[in-house]
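J.: mind looking at a prediction? Sequence and model below.
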Amino acid sequence: MLDKFNKKTDDYTTVDYGWQDELIAVALNYIEQYYPLAQGYTKSANVSKLERSLKELSQGYKALKTEYQGVVQLEVYENMTIYNGFVANYADEATRFSGKAYACALELSAYLSNKVKFDHSVGSDEVAQEAFEFYVDSRILEIFCDYHNFIMVNSKASLNSIPSGVLALQAKTISTQKSAEEIKQVKEYFDALAGERALVKNAFKHFSYYDYVKLYDADITAYEKVSPLARAYYKQIERYYFMTSYFTNISCIGKVCKFAANNIFA
C-alpha cells in the first residue's frame, strides 16, 4: 500500500522517485509470514535483539506515516519545488524504514534459525517441506537486503533503472518438492553466494556507487585517481548486481550454481 513516490518533472508530469515500496514489501511480507513461528518463545530465550528491532520498526513506521500524511495533503497543482521537497522527505524516511524492516526481518530469521532451529534439518537426509521453504525464503530475504543496501544506501537511489535480478527473483515461486541430494546442492549454492555477498559488503566500505555516477560521471578511470582500487570494487559490485543472472540461468559460481538455480524455483 506504500505509494506517493512520484516527483514532478514539470508542473503537470510526475515520475517514479525510487524503488522503496517494492523493497520494503519483501521484508514486511517475510515478517508477516514467519512471525507466528516465534510466538511460542519463552522468557528464557534471548530475544533482546528481536525486541529491539521490532521497537525500531514501530518507531520507523510512525515517522514514515508522518511524512506520508504530508505528501497526501499536497495538491496536484502545487509548486514543483515544494511538491518535490515533500516527496524527497517521504522517500528519505521510506529508505530509513526499509533498513529497519530488513533489520527486523533478519533478526526474526536469525531467531527462528538459531533459537527455534526451524531449518536445521536442511542438509540432512530428511528435510520437512516447511523447513526448506523457510530456509530458501530466508536466503532470498538476504539477497533483497543486499539490493536495499545497494539501491537505497550505497547508490542513494541514483540508479536510472532497478537491476533486472530484483524483478526476476520476485517473479519466482519456490519449488519445495526436492530430494535430499537436490536440497544439499541448493544449500551449497547459497553458501557460495554468501561468499559473494561478503565481497560486496567489503566493496561497499570503499566504493560509493553514488559518487561513481554523480561525482565521476560513471567514469571509473576518474574514480581510480582518488581510489586506486576503485575498479576492482566496481567490478565486484557489477558482478553481483548486474553482470550475472544469479536467479535465472546461473553459471557464475560453477556447476553447483547452475544445478541449484534450476532446482530452487518451480
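T.: Thanks, I have it. Residues are numbered from 1 along each chain as shown.
J.: just the pLDDT for the residue of the chain positioned farthest from its centre.
T.: The outermost residue of the chain, judged by C-alpha distance from the chain's mean C-alpha position using CA atoms, centre = their mean, is Y77 at 34.7 Å. Y77 carries a pLDDT score of 83 in this model.
J.: mind checking the SS state of the closest residue to it other than its chain neighbours?
T.: Across the structure, with CB to CB, 6 or more residues apart in numbering as the measure, the residue nearest Y77 apart from its sequence neighbours is D11 (7.3 Å). Every C-beta, even on glycine, is put in place using the N, C-alpha and C of the backbone. Counting by DSSP: H, G, I helix; E, B strand; the rest coil, the backbone at D11 sits in coil.
J.: phi, psi of D11?
T.: Backbone torsions for D11, taken as degrees, to the nearest 10, come to phi -70, psi -10.
J.: for N79, see how far away it is.
T.: Using CB to CB, to the nearest Å, one obtains 8 Å as the distance from D11 to N79.
J.: so the residue farthest from the centre of the chain is in contact with K8, correct?
T.: No: applying CB atoms under 8 Å, one finds Y77 not in contact with K8, separated by 10.4 Å.
J.: how about stretch 87-94 as PDB, C-alpha atoms only?
T.: The C-alpha atoms that make up stretch 87-94 are tabulated as PDB, following Å, rounded to 0.1, in the frame of the first residue of the first chain:
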ATOM      1  CA  VAL A  87       8.200  13.700  -1.700                       C
ATOM      2  CA  ALA A  88      12.000  13.700  -1.100                       C
ATOM      3  CA  ASN A  89      11.500  13.800   2.600                       C
ATOM      4  CA  TYR A  90       9.000  11.000   2.400                       C
ATOM      5  CA  ALA A  91      11.300   9.000   0.200                       C
ATOM      6  CA  ASP A  92      14.300   9.500   2.600                       C
ATOM      7  CA  GLU A  93      12.100   8.300   5.500                       C
ATOM      8  CA  ALA A  94      11.000   5.300   3.500                       C
END
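J.: what comes up buried for that stretch?
T.: If you call a residue buried by 16 or more other CB atoms under 10 Å, then stretch 87-94 has these buried ones: 87, 90-94.
J.: so can I have JSON lines of those showing pLDDT?
T.: Shown next, in JSON lines, are those (pLDDT from 0 to 100):
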{"residue": "V87", "pLDDT": "88"}
{"residue": "Y90", "pLDDT": "90"}
{"residue": "A91", "pLDDT": "87"}
{"residue": "D92", "pLDDT": "89"}
{"residue": "E93", "pLDDT": "92"}
{"residue": "A94", "pLDDT": "90"}
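J.: just the ones in strands from the residues you listed, please.
T.: Secondary structure of the buried residues of stretch 87-94 is defined by DSSP state E; no position falls in strands.
J.: elements contacting the strand or helix carrying L28?
T.: Assigned by DSSP states H and E, L28 belongs to helix 20-34. Contacts of helix 20-34 with other secondary structure elements, assessed using 3 or more CB pairs under 8 Å, 6 or more residues apart in numbering; DSSP states H and E, are made with helix 80-114, helix 129-148, helix 164-170.
J.: let's go with 6 Å and repeat that
T.: Contacting helix 20-34 under the criterion 3 or more CB pairs under 6 Å, 6 or more residues apart in numbering; DSSP states H and E are the following elements: helix 80-114, helix 129-148.
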